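> Next comes the sequence, and after it the predicted model I'd like to discuss.
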Amino acid sequence: MTLLKLLGIAVLAYAVVVAATFVMQRSLMYFPGKSLPPVPAPYAALPAETADGLTLTGWYAPPAAPENGVIVYFQGNAGTIAERVGKAAPFLADGYGVLLAGYRGYGGNPGTPTEAGLLADGRAAVESVVAQGVPRTRIVLLGESLGSGIAVPLAAADTFAGIMLESPFTSAADVGQRAYPFLPVQWLIKDRFDSLAVVEQLQAPLLLIHGERDATTSVTLGRRLFAAAPEPKTAHFLPNAGHNDLAEHGAPDIERAFLREVLGDR
């Protein structure tokens, strides 16, 4: 077999890989859990109506007092809101309300996740809390990993009490390019979640927490996003934390202190 033929086979094989990645990219990006257990106390199911006609279910626990404020929690790309109950428990213990926001295609909700869809879901989640009588100025957005790509554009478009980001990124394209350096991810990706493009428009105080050992969304991306954000802002880069273990390295206490600052002492 000639060198030219070998080269042709290699080029064809690469083209097949690129094409397959383009077609399958959303299955490589979203890993939704398909069902939820019974709603745990003190939560209750809270429906959210999206602009494109879906009814999504999140779990809502109201604040202990109306003035306490509410954290709207946007989860990462895997599992369901059920796995976030433990992470939200310190907020409830301090008297804040919590909405674990439902996503399309996650936890038995209708639809299929896309960037446009999840942004619509985020807006609907906020509106469902406002409908409970909580003004946006008493809402803090919490975006975990992929959820940061929802929280940032929401806080860039409207005024909230604050925004907390855990293991965020500049854009999904940047994350994908690091994961697949042999592919032209910047050209292929459909759902870009380009937080870097809008973070300078944030209208709320920012808290950013990132693990120095994060192998999923590199801390380098978190640092770039933080550098581009306006004041007031605070960052904690945890030297021994990875992507999913921020809670084991002090994140809850950091977040509770931030909430006391932007929502007042409980």
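Here it is on my side, so go on.
> Any regions of the stretch 101-250 of the chain where pLDDT drops low?
Applying pLDDT under 70 to the stretch 101-250 of the chain flags no residue at all.
> for it, what spans make up the helices?
Taking DSSP state H, counting those that start in this stretch to define them, one finds helices in the stretch 101-250 of the chain at 115-130, 148-157, 172-179, 185-188, 219-228.
> Just the buried positions in the third one, please.
Spelled out, it's helix 172-179. Neighbour-count burial for helix 172-179, counted by 16 or more other CB atoms under 10 Å, picks out 172, 173, 174, 175, 176, 177, 178. No exception for glycine: its C-beta is placed from N, CA and C like everyone else's.
> For those residues, give me a markdown table that also has distance to residue 80.
Formatted as a markdown table, the buried residues of helix 172-179 follow (distance: CB to CB, whole Å):
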| residue | distance to residue 80 |
| --- | --- |
| 172 | 20 |
| 173 | 26 |
| 174 | 26 |
| 175 | 21 |
| 176 | 23 |
| 177 | 28 |
| 178 | 26 |
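> Might you report the residue contacts of residue 93?
With contact set as CB atoms under 8 Å, 6 or more residues apart in numbering, residue 93 has no partners.
> Over to residue 97: give its phi and psi.
phi -90, psi 160 (degrees, to the nearest 10).
> Between which two of the buried residues of helix 172-179 is the distance greatest?
172 and 178 (10.9 Å; CB to CB).
> which secondary structure element contains residue 27?
Taking DSSP states H and E as the criterion, residue 27 maps to helix 3-29.
> next helix or strand past that helix?
Once the chain leaves helix 3-29, the next helix or strand it forms, by DSSP H and E, is strand 31-32.
> Work out the sheet partners of that following strand and label each with its direction, please.
In the sheet, strand 31-32 lines up against strand 78-79 (parallel) (DSSP bridges).
> any idea how the protein splits into domains?
Listed by automatic domain parsing, the domain ranges of the chain are 1-29, 40-263.
> Just the endpoints, please. Distance across the longest one?
As for domain 40-263, its first-to-last residue distance stands at 26 Å under the measure CA to CA, to the nearest Å.
> when you give positions from now on, start the count at 29
In the new numbering, first residue 29, that becomes domain 68-291.
> mind checking how far it is from the chain centre?
Relative to the chain's own centre, domain 68-291 is displaced by 4 Å; criterion: CA atoms, centre = their mean, to the nearest Å.
> Residue 60 against residue 136, yeah?
No. Using CB atoms under 8 Å, residue 60 makes no contact with residue 136, being 9.6 Å away.
> what about the two, which has more around it?
The neighbour count for residue 60 versus residue 136, taken as other CB atoms under 10 Å, is higher for residue 60 (18 against 14).
> contacting residues for that one?
Contact analysis of residue 60 by CB under 8 Å, 6+ apart lists 106, 107, 108, 131, 133, 134, 135, 141.
> Restricted to buried residues, select those residues in PyMOL.
In PyMOL, this line selects whichever of the contacts of residue 60 come out buried by 16+ other CB under 10 Å:
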select buried, resi 108+131+133+134+135+141
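> Including distance to residue 71, could the contacts of residue 60 go into JSON lines?
Shown next, in JSON lines, are these (distance: CB to CB, whole Å):
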{"residue": "106", "distance to residue 71": "20"}
{"residue": "107", "distance to residue 71": "16"}
{"residue": "108", "distance to residue 71": "13"}
{"residue": "131", "distance to residue 71": "16"}
{"residue": "133", "distance to residue 71": "21"}
{"residue": "134", "distance to residue 71": "16"}
{"residue": "135", "distance to residue 71": "13"}
{"residue": "141", "distance to residue 71": "22"}
